[in-house]
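[1] Here is a sequence together with a model predicted from it:
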Amino acid sequence: MNEMGSQAVWRTVAYYALAAVLPLAVIAGWEGARDIDWGIPLSYEWDALVYLTLSKTLLDGDWTLYLGIRSGQLGAPVGFDFRDFPVPDNFVLGIVRLIGVFVGDVFRAVNAYFVLTYSLCSLSFAYMASRVGIRPLAALVCGLLFAFLPYHVLVNIGHLHQTSYFLLPLFVVVVHDIHCRAAGEGAGASVRWFGQTRRSMLGLLLFGVLLGSAGAYFAFWSVLLLCVMASSDLLFGGSGRASRIRASAAVCGAIGVTLILNVLPSILYWASHGRNPVTAARSPIESEAYALKLTHLVLPHWSGFEILNRMAAQYWDALPNQPHGPTYLGLVGALGFLGLLVVLGRRRNVGTLVDRLAQLNVAAFLFATVGGLGVLFAATVTSQFRVWSRLSVLIGLFALTFVAAELSRIVTRNRRAWLYVPLCVLVAVIGVYDQRYPNSFDFPDSIDSAEIRSGFESDRAFVDHIESDYPGARIFQLPFIETPEARHLHDLSPYTHFRVALHSHSLSWSHGAMKGRDDAWHRRVTGLEPDAFLASIAEKEFSGVALDRRGFEDRGRSLAHALEARLGAPVLESQDGNLLYFAIDPHASLPDVATPPRVNELR
């Protein structure tokens, strides 16, 4: 290798090393980041508990990737079988499993994966930029802002599958290679597939496989927007449009096949057992509720700039009941979004990357907006893809790619080339300051909340005590709450029962039986009076009852009194007072109690 080639290699290594390290440097600078106990999850409520549970079953070896999610430690006595609720996130869970090999703990593994996704977002953006001709400094700056989109911070580990958006820059590469390259580029190649060289097309198909592994939403939207590009070519494309449409169709096929393979266990399960009508039931109106508005993209939920916060507060305070998710693009991204709208209006360079980004930008917005195409799609095709506001991530990607491309164009203007570096630095400073979260990791459900931390430590101590005194116990959890997607029950969130299972190794728990399929027995026994209830669960070899006070209007006093009259005083109470554990002596006879109420009435 000559000297120039060696220098090029080192520049490439330095480029990707910076892309990986810069997000971690920003995180290290967050307030309180160095004091975090990484053995405590970054979120310990709602859907975060589901993904922690799925990750734990995988780390414990209860199930294998691509074979369906099952566990014998949950949903006792029937078991935990999640195949009625497709989870096409094997790629994400596979990374968590790999990390778990080294850290050996589900909480550290999931936390490490979440932090790693910041570097992966920056790296993938850097790769995309190098493929589409964006200069390195602009790519590093905009890739950093892409990694720290407010969406990323706020979804946290609560929607772990949504952090896989680090794969989305590959979509821009696909669009560029198929729809932006000159018709004659690579014409000297001896073998061509769909107008592409064989090597190029194989690479695009590989990207399709990866996009198909990015979760159902991102895979679906990649196909949807590629169809938009193909439709644009069909109506307005010039020479070579047939090849571009076929290439788009091939990539869509790769995405679709991969997505089907990810959910194949569920498909096979439904073929033999029938569909479950009450699981993952969606209504078209939910697509309206989970859509976004233009204001959601350009007005911050928070910003480092107080003037922006005051402007946004006037809007949010005037409409306090308006739902809005983590859809803010950041100041730089918002300007890029508006810039792409201007580009679409001018349309001077049809077929360039910027022109394609402008088309994709407006198409994504039309699908995601309130009363938009997404709602019509839900009403006429399927309502399974209901959270159209998540398209804000793709809109942010298009906007920041446009900003990076415009910064790179400065270098080509001889009289303004000197502005390139100062402008990139200015964009980085403004963008990072604007998108920084005010209290670093101290966002809702985070570990810096004293209540969450104490709850985590209380649950761990509670389970450790049971495992020490009652190893191998099978425990029935009260109140009964269905899985998944149940309603909030008093102060008990739908997945809180999973918390104790996350800390256990030898115990089995009743929570987790699939609603509409495996939970009929659980519903029946909790409808019995206490004596019959205890006799029924004893027949199934349950040796204890865990009562969560948060699920009762009277904090469980009535039911605890009824259980105490039959089993004696609880042998254990959690540190926070939320959990009680009653041991069942299989040899003891139950006392007679006059006119006992049913278990599910003691609320």
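    Yep, that arrived.
[2] Now the element after the lowest-mean-pLDDT helix or strand in the chain, going C-ward?
    In the chain, no helix or strand scores lower on mean pLDDT, DSSP states H and E than strand 192-193, which sits at a mean of 62. Per DSSP states H and E, the first helix or strand lying C-terminal to strand 192-193 is strand 196-197.
[3] Who does that next one pair with, and is each partner parallel or antiparallel?
    On the basis of DSSP bridges, the sheet neighbours of strand 196-197 come out as strand 192-193 (antiparallel).
[4] Just give me the residue closest to the centre of this structure.
    Gln162 (2.5 Å; Cα atoms, centre = their mean).
[5] which one is that residue nearest to, not counting chain neighbours?
    Closest residue in space to Gln162, ignoring its immediate chain neighbours: Val155 at 4.9 Å, by Cβ to Cβ, 6 or more residues apart in numbering. (Each C-beta comes from the backbone N, C-alpha and C, glycine too.)
[6] what does Gln73 give?
    The shortest distance from Gln73 to any non-neighbouring residue, by Cβ to Cβ, 6+ apart, is to Ser508 (4.8 Å).
[7] just Cys180 next, same as before
    Counting by Cβ to Cβ, 6+ apart, the residue nearest Cys180 is Leu353, at 4.9 Å.
[8] Please work out how many residues are found near that neighbour.
    20 (other Cβ atoms under 10 Å).
[9] which residues touch it?
    By Cβ atoms under 8 Å, 6 or more residues apart in numbering, Leu353 lies in contact with Val132, Gly133, Val172, Val175, His176, Cys180, Thr401, Ala405.
[10] which among those residues gets closest to Ala230?
    Val175 (10.7 Å; Cβ to Cβ).
[11] so what's the backbone phi/psi at that closest one?
    phi -60, psi -40 (degrees, to the nearest 10).
[12] Next, find the distance separating it from Gly351.
    Counting by Cβ to Cβ, to the nearest Å, the gap from Val175 to Gly351 is 11 Å.
[13] which of the two has more neighbours?
    Remark: of Val175 and Gly351, Val175 carries more neighbours, 23 against 15, as counted by other Cβ under 10 Å.
[14] tell me the contacts of that one?
    With Cβ under 8 Å, 6+ apart, Val175 has these contacts: Leu225, Leu226, Met229, Leu353, Arg356, Leu360.
[15] hang on, isn't the residue nearest to Gln73 packed against Ser71?
    No: counting by Cβ atoms under 8 Å, Ser508 does not reach Ser71; the two are 9.1 Å apart.
[16] wait, what's in contact with Val26?
    Val26 makes contacts with Tyr118, Leu144, Phe148, Val432, Arg436, as judged by Cβ under 8 Å, 6+ apart.
[17] In TSV: the residues you listed, plus secondary structure, distance to Ile40 and pLDDT.
    As requested, these are exported to TSV (DSSP: H, G, I helix; E, B strand; the rest coil; distance: Cβ to Cβ, whole Å; pLDDT from 0 to 100):
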residue	secondary structure	distance to Ile40	pLDDT
Tyr118	helix	19	95
Leu144	helix	27	97
Phe148	coil	23	93
Val432	helix	27	92
Arg436	coil	23	79
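[18] Closest one of those residues to Ile584?
    For those, the nearest to Ile584 is Tyr118 (47.5 Å; Cβ to Cβ).
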